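**Student:** got a sequence here, can you build the structure:
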Amino acid sequence: MQVAGEVGATQPIGGSGYVEASGGEASPYAQYRVIRRNGAVVGFEPGKISIAMTKAFLAVNGGQGAASARIRELVAGLTAGVVGALMRRHPAGGTFHIEDIQDQVELALMRSGEHEVARAYVLYREKRAAVRAQDAAQRKAQSPSRARGLHVTDGGGQRALDVGLLSETVGAACAGLGDGVSPQLIVHETLKNLYDGVPMEEVRKSVILSARALIEKDPAYGYVTARLLLHSIRHEVLGEEVSQAEMAIRYADYFPQFVKEGVGAELLDERLARFDLLRLGAALDAARDLKFTYLGLQTLYDRYFLHVGGRRIELPQAFFMRVAMGLALNELNPEQRAIEFYNVLSSFDYMSSTPTLFNSGTRRSQLSSCYLTTVGDDLESIYEAIKENALLQKFAGGLGNDWTPVRALGAHIKGTNGKSQGVVPFLKVVNDTAVAVNQGGKRKGAVCSYLEVWHLDIEEFLELRKNTGDDRRRTHDMNTACWIPDLFMRRVVENGDWTLFSPSDVPGLHDLYGEAFAEAYACYEARAASGEIKLCKRIPAVQLWRKMLSMLFETGHPWITFKDACNLRSPQQHAGVVHSSNLCTEITLNTERP
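**Tutor:** Alright, predicted model coming up:
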């Protein structure tokens, strides 16, 4: 059996480091490299994987398999699966070791049920491994180890990789986590993925990824990975390698400089510089950095830590103190309160919401999580509401919009003597605004739109999250919720009919609940039955309820929320009617149309 020895590898062409796609365009795999067994780094080319698999099939099925359409289609599908698995591990580009690629090929063959081909492939790999081991043993006496031959690029020059320092760093990250973690295994995996001349930054990334890959074997590796990431963050922020033991002193020295740099970069509120920074810096507890798991620290690094020109300037304990200082700005004894806030945050006894963590202590200290609004039934109010959505989303506010007052599809527009397009086209704009205003790249905006179930557009509203139909009338990135009065549920239980109206034809109905709503609704139904209200629709209540539940099962939307229950239990009944909940449906506040 003959299989391509370096699956997925190809030599760089013209010194560019990757193969050019047709038309002179860069290959989508230009950011990926393959480390061969001899340490050479070459470009990644999925075509080599296809060739290796095809040869494996030929070894089992004979030469007639080469022309088989089934084999070609199967190889193409398996190759796509292997490439997808590799891309998921390094979505932003990186290096693969040749053995990792061949492991994925082996897994793909097994999972597809091609056991004979997989068996032949495994045997071939074992045979080649034995040959290489024999050759390596013969060369061992006169050849230095690969690790001793590795050089790293750092600060514009090259130097030998300090394997001892690398092992010491990994060992410190594993300290106190028990026998379930192996520093030697992490170092071995790291060295396997390095190549001569690798940038030192890539070494730090490689050691983190090597530890991360072991988390599924033992959860303790989550803490190891977090500590290795923390070591990398310290290097980025402080500009040098600093051990965990040294941070007890370094935090106090670094913190005043951090505040000064943040104020100078117009990131932090100038009032933070008026605090006793030496006292606050001395209160920072470096040991609390070790409380992080990998996912938590990586999330803070990606989204929360302040940066200047892409370089992080904030360490974890400085982050918590910055948030605490922002919360304590108006306290009588701000330093004491800041330390108290810091202690509960950094010990994970309490954690503020995302907007507070994003913005506290900054020049735009918007700390609230949720906002509820009611949209008026005119173009100026509608677009003013969308503008307010954008401004609130910019600084991490979550939104709950009540759209029930907006007239339904087909309703008369007095100003233009035309007919309304209903609420759905405006909800599409709300959806796209949430995507466009993505909180400075930290996360996309979040909004939920509410509609009462007597609104004539409710049936289209229920379909907003479907993956089929006219995409111009779909909102894939916005949440939806039905605002349901008790009367509707009584009609469902009684198997009665339910009438849908345009809010422009039933004034006041939106602001009523309980028995007052039931009486007004019955009156409007009588007017519709007599022909006085022409724009309406009568359907079985059970039919609408079933569609609501079907859409909820199919798409997760709309959420089910109850108007009367929220209003009857509201402590602000004197201030108005509750028209909706918020983005997460745990807050109910009264709102009014502008």
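
**Student:** leaving out the residues flanking it, which one is nearest to the residue nearest in space to the middle of the chain?
**Tutor:** In the chain, the C-alpha nearest the mean C-alpha coordinate belongs to residue 443, at 7.1 Å (CA atoms, centre = their mean). Excluding the flanking residues, the one nearest residue 443 by CB to CB, 6 or more residues apart in numbering is residue 303, at 6.7 Å. C-betas here are computed from N, CA, C, even on glycine.

**Student:** so how far is residue 478 from the residue nearest to the centre of the chain?
**Tutor:** Using CB to CB, to the nearest Å, residue 443 is found at 15 Å from residue 478.

**Student:** for residue 593, same thing?
**Tutor:** Per CB to CB, residue 593 is found 21 Å from residue 478.

**Student:** who's more crowded, those two?
**Tutor:** Taking neighbours as other CB atoms under 10 Å, residue 593 and residue 478 compare with residue 478 leading, 24 against 17.

**Student:** what about that one, distance to residue 433?
**Tutor:** Computed with CB to CB, the distance linking residue 478 and residue 433 is 9 Å.

**Student:** and for residue 547?
**Tutor:** For residue 547 relative to residue 433 (CB to CB), the value is 27 Å.

**Student:** of the two, which one has the most company?
**Tutor:** Legend: neighbour count by other CB under 10 Å for residue 547 and residue 433, higher for residue 433 (19 against 15).

**Student:** need the distance between the two termini of stretch 474-489.
**Tutor:** End-to-end distance for stretch 474-489: 27 Å, by CA to CA, to the nearest Å.

**Student:** please point out which parts of that stretch sit buried.
**Tutor:** Neighbour-count burial for stretch 474-489, counted by 16 or more other CB atoms under 10 Å, picks out 474-475, 477-488.

**Student:** so which of those residues are in helices?
**Tutor:** 486, 487, 488 (DSSP state H).

**Student:** what's the closest of the residues you listed to residue 71?
**Tutor:** Using CB to CB, residue 488 comes nearest to residue 71 of those, at 59.0 Å.

**Student:** report the contact partners of that closest one.
**Tutor:** Residue 488 sits next to 453, 454, 498, 541, 545 when contact means CB atoms under 8 Å, 6 or more residues apart in numbering.

**Student:** of all those residues, which comes closest to residue 321?
**Tutor:** Nearest to residue 321 among the contacts of residue 488, counting by CB to CB, is residue 453 at 48.6 Å.

**Student:** strands along the stretch 201-350 of the chain, start to end?
**Tutor:** 307-308, 311-312 (DSSP state E, counting those that start in this stretch).

**Student:** and of those, who's closest to residue 557?
**Tutor:** Of the strands of the stretch 201-350 of the chain, nearest to residue 557 by CB to CB is strand 307-308, at 35.3 Å.

**Student:** list the neighbouring strands of that closest one plus their orientation.
**Tutor:** Sheet pairing for strand 307-308, assigned by DSSP bridges, gives strand 311-312 (antiparallel).

**Student:** quick check: mean pLDDT of the strand it pairs with?
**Tutor:** Mean per-residue pLDDT for strand 311-312: 96.

**Student:** how far away from the center of its chain is that strand?
**Tutor:** Strand 311-312 has its C-alpha centroid displaced from the chain centroid by 20 Å (CA atoms, centre = their mean, to the nearest Å).

**Student:** ok, now how distant is residue 343 from residue 321?
**Tutor:** 10 Å.

**Student:** the two - which one has more neighbours?
**Tutor:** Between residue 343 and residue 321, counted using other CB under 10 Å, the more crowded position is residue 321 (30 against 16).

**Student:** thinking the more buried one is in contact with residue 288, fair?
**Tutor:** No: judged on CB atoms under 8 Å, residue 321 makes no contact with residue 288 at a distance of 11.1 Å.

**Student:** if I look at the two, which residues touch both of them?
**Tutor:** Residues touching both residue 321 and residue 288 (CB under 8 Å, 6+ apart) are residue 346.

**Student:** ok, the nearest residue to residue 570 once chain neighbours are set aside to residue 176 distance?
**Tutor:** Among residues not flanking residue 570 along the chain, residue 578 sits closest, at 5.3 Å (CB to CB, 6+ apart). Counting by CB to CB, the gap from residue 578 to residue 176 is 51 Å.

**Student:** the more surrounded of the two?
**Tutor:** residue 578 (25 against 10).

**Student:** which phi and psi does residue 455 have?
**Tutor:** phi -70, psi 140 (degrees, to the nearest 10).

**Student:** tell me the phi and psi of residue 417?
**Tutor:** phi 60, psi 30.

**Student:** do the one 10 residues further on as well
**Tutor:** Note on residue 427: backbone dihedrals following degrees, to the nearest 10 are phi -70, psi -30.

**Student:** can you list the weak-confidence ranges in this structure?
**Tutor:** Applying pLDDT under 70 to the chain flags residues 1-27, 38-39, 63-67, 135-148, 594.

**Student:** quick check: most distant residue from the centroid of it.
**Tutor:** In the chain, counting by CA atoms, centre = their mean, residue 530 sits farthest out from the average C-alpha position, at 53.8 Å.

**Student:** mind listing what the residue nearest to the centre of the chain touches?
**Tutor:** Applying CB under 8 Å, 6+ apart, we find residue 443 in contact with 303, 354, 396.

**Student:** picking that back up, isn't the residue nearest to residue 443 right next to residue 442, touching?
**Tutor:** Yes: using CB under 8 Å, residue 303 is in contact with residue 442, at 4.7 Å.

**Student:** give me the more crowded residue out of these two.
**Tutor:** Between residue 303 and residue 442, residue 303 has the larger neighbour count (other CB under 10 Å), namely 15 against 12.

**Student:** so what's the more buried one up against?
**Tutor:** Applying CB under 8 Å, 6+ apart to residue 303 gives the contacts 358, 442, 443.

**Student:** inside strands: which ones of these?
**Tutor:** Among these, none falls in strands (DSSP state E).

**Student:** in helices, which of these fall?
**Tutor:** Counting by DSSP H, the contacts of residue 303 place residue 358 in helices.

**Student:** ok, residue 245 - how many residues close by?
**Tutor:** Residues lying near residue 245 (other CB under 10 Å) number 10.

**Student:** ok, it to residue 234 distance?
**Tutor:** 12 Å.

**Student:** one more: residue 505?
**Tutor:** 65 Å.

**Student:** show me which of those two is the more surrounded one.
**Tutor:** Between residue 505 and residue 234, counted using other CB under 10 Å, the more crowded position is residue 234 (23 against 20).

**Student:** let me see the contact set for that one.
**Tutor:** Applying CB under 8 Å, 6+ apart to residue 234 gives the contacts 241, 242, 247, 315.

**Student:** out of the residues you listed, who's the most crowded?
**Tutor:** For those, counting by other CB under 10 Å, the largest number of neighbours falls to residue 315: 26 neighbours.

**Student:** how much space separates the closest residue to residue 409 other than its chain neighbours from residue 535?
**Tutor:** Counting by CB to CB, 6+ apart, the nearest residue to residue 409 once its immediate chain neighbours are dropped is residue 422, at 3.2 Å. When distance is defined by CB to CB, residue 422 is 11 Å away from residue 535.

**Student:** and for the two, which residues touch both?
**Tutor:** The contact lists of residue 422 and residue 535 share 408, 410, 411, 456, where a contact means CB under 8 Å, 6+ apart.

**Student:** quick one: buried ones out of these?
**Tutor:** Listed as buried from the shared contacts of residue 422 and residue 535 are 408, 411, 456; burial here means 16+ other CB under 10 Å.

**Student:** residue 346 and residue 170, how far apart?
**Tutor:** Distance of residue 346 to residue 170, given as CB to CB: 25 Å.

**Student:** can you tell me the SS state at residue 152?
**Tutor:** strand (DSSP: H, G, I helix; E, B strand; the rest coil).

**Student:** how about it, what does it touch?
**Tutor:** Applying CB under 8 Å, 6+ apart, the residues near residue 152 are 158, 159, 160, 161, 197, 198, 199, 200, 203.

**Student:** now swap in residue 451 and tell me
**Tutor:** Counting by CB under 8 Å, 6+ apart, residue 451 touches 403, 404, 423, 457, 458, 461, 480, 481, 482, 483.
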